[in-house]
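Colleague: only geometry, no sequence info:
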């Protein structure tokens with residue numbers, strides 16, 4: 001279940017309707033999609049690190065979602081991000097996306113294992129952080145100021161969906177991050 005925190009406020013928002021209402025002005029959509037529980041997918045999701053072949057096998061178990069998105073939204077490609085403690089580029093990747101940025105294209109993720117944190121700048125300049133977990137599907141429209149970071153688990157598997165590869169380059173805004181209370 002996704003949870004949300006406001007900058008400077010230790011209270012945790014857990015009500016999906018309140019979370020949706022806070023993110024609605026940005027056009028951010030959050031859905032719950034069950035992660036398929038086949039023997040193959042359970043085995044692959046249990047592993048921290050996956051080979052390229054295993055990543056493709058896991059993606060194939062999730063392709064019903066991809067086919068739906070291709071039909072409804074015209075997505076052309078997908079890949080799998082696998083981050084875990086000990087990943088050789090974990091610090092560099094976390095630093096790259098833990099800065100406020102935008103994209104020319106939408107950012108669409110389906111979290112299938114672990115957790116991650118998307119942060120957003122609301123229209124009133126208030127900042128919020130949304131922790132997403134396995135089964136959360138998030139759609140961030142183009143040009144929305146946001147960031148991403150791993151939480152204390154330092155583990156996530158997320159399917160990324162693309163309408164085009166080129167639009168996903170981050171454009172950093174240089175807006176400073178506000179302070180959040182760690183849980």
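Modeller: Perfect, thanks for sending it. No experiment lies behind these values; they were computed from the predicted model shown.
Colleague: For burial, what's the neighbour tally of residue 94?
Modeller: When neighbours are counted by other CB atoms under 10 Å, residue 94 registers 16. Where C-beta positions appear, they are placed from N, C-alpha and C, glycine not excepted.
Colleague: Tell me the bridge partners for the residue nearest the centre of the chain.
Modeller: Nearest to the geometric centre of the chain sits residue 109, at 4.8 Å (CA atoms, centre = their mean). Per DSSP bridges, the residues bridged to residue 109 are residue 138, residue 160.
Colleague: Look up the pLDDT of it for me, please.
Modeller: Note on residue 109: pLDDT of 97.
Colleague: quick one: the helices in the chain?
Modeller: Listed in chain order, the helices of the chain (DSSP state H) span 16-23, 39-46, 52-61, 63-73, 90-97.
Colleague: got the buried residues for the longest one?
Modeller: Within helix 63-73, the residues that count as buried by 16 or more other CB atoms under 10 Å are 65-66, 69-70.
Colleague: quick one: which of those residues is nearest residue 114?
Modeller: Checking the buried residues of helix 63-73 against residue 114 by CB to CB gives residue 65 as the nearest, at 17.5 Å.
Colleague: Pretty sure residue 31 is one of the things that closest one touches, is it not?
Modeller: No: contact criterion CB atoms under 8 Å: residue 65 and residue 31 do not qualify, at 10.3 Å.
Colleague: Now the common contact residues for those two.
Modeller: residue 137 (CB atoms under 8 Å, 6 or more residues apart in numbering).
Colleague: Count the neighbours of residue 140 for me.
Modeller: The number of residues packed near residue 140 is 25, by other CB under 10 Å.
Colleague: now residue 66: how far from residue 42?
Modeller: In this view, residue 66 and residue 42 are 19 Å apart by CB to CB, to the nearest Å.
Colleague: Tell me, what's the model's pLDDT at residue 164?
Modeller: For residue 164, pLDDT reads 76.
Colleague: tell me the contacts of it?
Modeller: Applying CB under 8 Å, 6+ apart, the residues near residue 164 are 76, 105.
Colleague: What segments of the chain are strands?
Modeller: In the chain, the strands defined using DSSP state E lie at 3-6, 12-13, 29-32, 77-83, 101-102, 107-121, 127-133, 136-140, 146-149, 156-162, 171-172.
Colleague: chain center to the fifth one: distance?
Modeller: A distance of 14 Å separates the centroid of the chain from that of strand 101-102, by CA atoms, centre = their mean, to the nearest Å.
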